[in-house]
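sequence first, then the predicted structure, then my questions.
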Amino acid sequence: VIILHACAHNPTGVDPTKEQWQKVADICRQNQLFPFFDCAYQGFASGCLDTDAWAVRFFVSQGFELFCSQSFSKNFGLYNERAGNLTVVTSNAANVDNIKSQMTLIVRAMVSNPPAHGARIVDTVLADPTLYQEWRDCIKTMSSRIISMRQGLRERLEQLGTPGDWSHITSQIGMF
């Protein structure tokens, strides 16, 4: 198993390029590694949910079986609700019942009765086209603010003549 951040790498803020993701996929295939993507900041890296999901979708398109955990704590502002999901991609439909059975055992043993309010909020927003678009717009606003703050910090450091190369502040992405 190899754990990978899908986007907005924490703590570095340095995300692989598409070409680098292709090399990561090659290494995973060569070494028979099972990818487990952590997607906690989808939308906050680029402002686009689809752009930030590119790595996961690429691995799936390459035939990988994988797990992808997706948190809605950050991009829905539901920090205390523990709302998210685990997507399981398998190439063999005959495994689905066994996977569901094992996941049910794990969830019951660990959580038993998870909070429902956050999941209901997420479900309501994702199921309603108007609310979904509003949420996408809010994510774009938030990520644009992060990008703007990074640009402002870099400009101020350079204006002050602060020693060093500050280009990493604007070449890195996400919240970190």
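Everything's here; your move.

next one: phi and psi at the residue nearest to residue 82 when sequence neighbours are not counted?
The spatially closest residue to residue 82, leaving aside those adjacent along the chain, is residue 115, at 5.8 Å (CB to CB, 6 or more residues apart in numbering). Backbone N, C-alpha and C define where each C-beta goes, glycine included. Backbone dihedrals for residue 115, given as degrees, to the nearest 10, come out at phi -60, psi 140.

pLDDT score assigned to residue 115?
Per-residue pLDDT puts residue 115 at 79.

and it, how many residues sit next to it?
By the criterion of other CB atoms under 10 Å, residue 115 has 13 neighbours.

likewise for residue 68?
Neighbour count for residue 68, taken as other CB under 10 Å: 23.

now do residue 160
Residues near residue 160, counting by other CB under 10 Å, number 8.

can you pull the contacts of it?
Residue 160 makes contact with no residue, according to CB atoms under 8 Å, 6 or more residues apart in numbering.

how much space separates it from residue 30?
Distance, residue 160 to residue 30, by CB to CB, to the nearest Å: 47 Å.

buried sites along stretch 38-53?
38-49, 52-53 (16 or more other CB atoms under 10 Å).
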